[in-house]
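In: A structural model of the following input is requested.
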Amino acid sequence: MRSGTLKQILLLTDGCSNRGEDPSVTAALAYQQGITVNVIGILDDDQTEESAELKEIEEISLSGGGVSQIVYSESLSQTVQMVTKQAMTQTLQGFVNKELKQILGSNQTLEDLDPEKRGEIMEVVEDLGETSDLEVLVLVDTSASMHDKLQTVKESLIDLSISLNSRIGRNRFAIYSFPGKRKDIQKVFDWSPKLDAISTIFPKLTSGGITPTGPAIREAMYQFGKKSLLRSLKHEDKSGLEETGY
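Out: Residues are numbered from 1 along each chain as shown. You can find the predicted model right below:
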């Protein structure tokens, strides 16, 4: 049983979008394309978890088939790791449920099985979590209010990379920030198996401006397709060179 590549957008933000389309609509669009949207809301010390501007966070993750958490900065690192892994398990459970329905009929789900069978299937889910390829596009809100949190964001992403390195499956990460200088998002770090090099990039990030979360999610979704297209073009070029004998 293989699930292919697990694709995630991990949105790190501290507030409400204030420009462009509804982010929960674009998150739903991403989910339709097989990309899970997870959201971590980063609170200021004087904010509460019931803060009205953070309600949007849960709506985005629900529409995007993902996981959301609201945390204070000091808990960010462990939360980034937990949300990424929890979302992987959630996606894989959904995949396994779909397979079960094909085998056992449309009314059967994982929860309907007896404990022993369920345990066996959860072992399969755990195994898939270790062996599936994972692509995570991290989308960092760099609007003005995020300025003091960017150092913590950087450290959390390095910790995430380290924590996932022990997996058998391949990991690929990319980082984009929003708002961009001329576009809705800006590439910070191109697709790579590790995030070690981000230490040199993050100090260059500037914060300020509006929060176009909806358009940013839409643009982030397109980056997965671009990567596949570039890979196929490179493969075609290589095949063409081999055929011509160069």
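
In: got the contact list for whichever strand or helix holds residue 29?
Out: Per DSSP states H and E, residue 29 falls inside helix 23-32. Helix 23-32 has contacts (C-beta atoms under 8 Å, 6 or more residues apart in numbering) with 9, 17, 36-37, 56, 59-66, 213-218, 220-221. The way it works is simple: take the backbone N, C-alpha and C, and place the C-beta from them, glycine included.

In: how about 10 Å then?
Out: 7-9, 11, 13, 16-17, 20-22, 35-39, 56-66, 137, 211-222, 224 (C-beta atoms under 10 Å, 6 or more residues apart in numbering).

In: can I get that helix in CSV, CA atoms only?
Out: Below are the C-alpha coordinates for helix 23-32, written out as CSV (Å, rounded to 0.1, in the frame of the first residue of the first chain):
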residue,chain,number,x,y,z
PRO,A,23,-8.3,32.1,2.9
SER,A,24,-10.6,29.2,3.8
VAL,A,25,-11.8,29.2,0.2
THR,A,26,-8.2,28.9,-1.2
ALA,A,27,-7.4,26.3,1.5
ALA,A,28,-10.3,24.2,0.2
LEU,A,29,-9.0,24.6,-3.3
ALA,A,30,-5.5,23.4,-2.2
TYR,A,31,-7.1,20.4,-0.5
GLN,A,32,-8.9,19.5,-3.7
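
In: in the chain, where is pLDDT below threshold?
Out: 1-3, 16-18, 45-53, 97, 99-110, 196-197, 199-209, 226-246 (pLDDT under 70).

In: for stretch 98-115, measure first residue to last.
Out: End-to-end distance for stretch 98-115: 19 Å, by C-alpha to C-alpha, to the nearest Å.

In: ok, the one helix or strand residue 175 maps to: who's next to it in the sheet?
Out: Residue 175 belongs to strand 171-178 when assigned by DSSP H and E. In the sheet, strand 171-178 lines up against strand 133-141 (parallel), strand 186-192 (antiparallel) (DSSP bridges).

In: which one of the ones you listed is the most hemmed in?
Out: strand 133-141 (a mean of 23; mean count of other C-beta atoms under 10 Å).

In: which SSE is immediately downstream of that strand?
Out: helix 150-164.

In: convert the C-alpha atoms of that next one to CSV, please.
Out: Backbone C-alpha positions of helix 150-164 (Å, rounded to 0.1, in the frame of the first residue of the first chain) are rendered in CSV as follows:
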residue,chain,number,x,y,z
LEU,A,150,10.7,35.6,13.1
GLN,A,151,13.8,34.4,15.1
THR,A,152,11.6,31.9,16.9
VAL,A,153,10.1,30.8,13.5
LYS,A,154,13.6,30.2,12.1
GLU,A,155,14.7,28.1,15.1
SER,A,156,11.4,26.1,14.9
LEU,A,157,11.9,25.3,11.2
ILE,A,158,15.4,24.1,11.8
ASP,A,159,14.2,21.8,14.6
LEU,A,160,11.5,20.5,12.3
SER,A,161,14.0,19.6,9.6
ILE,A,162,16.2,17.8,12.2
SER,A,163,13.2,15.9,13.7
LEU,A,164,12.1,14.6,10.3
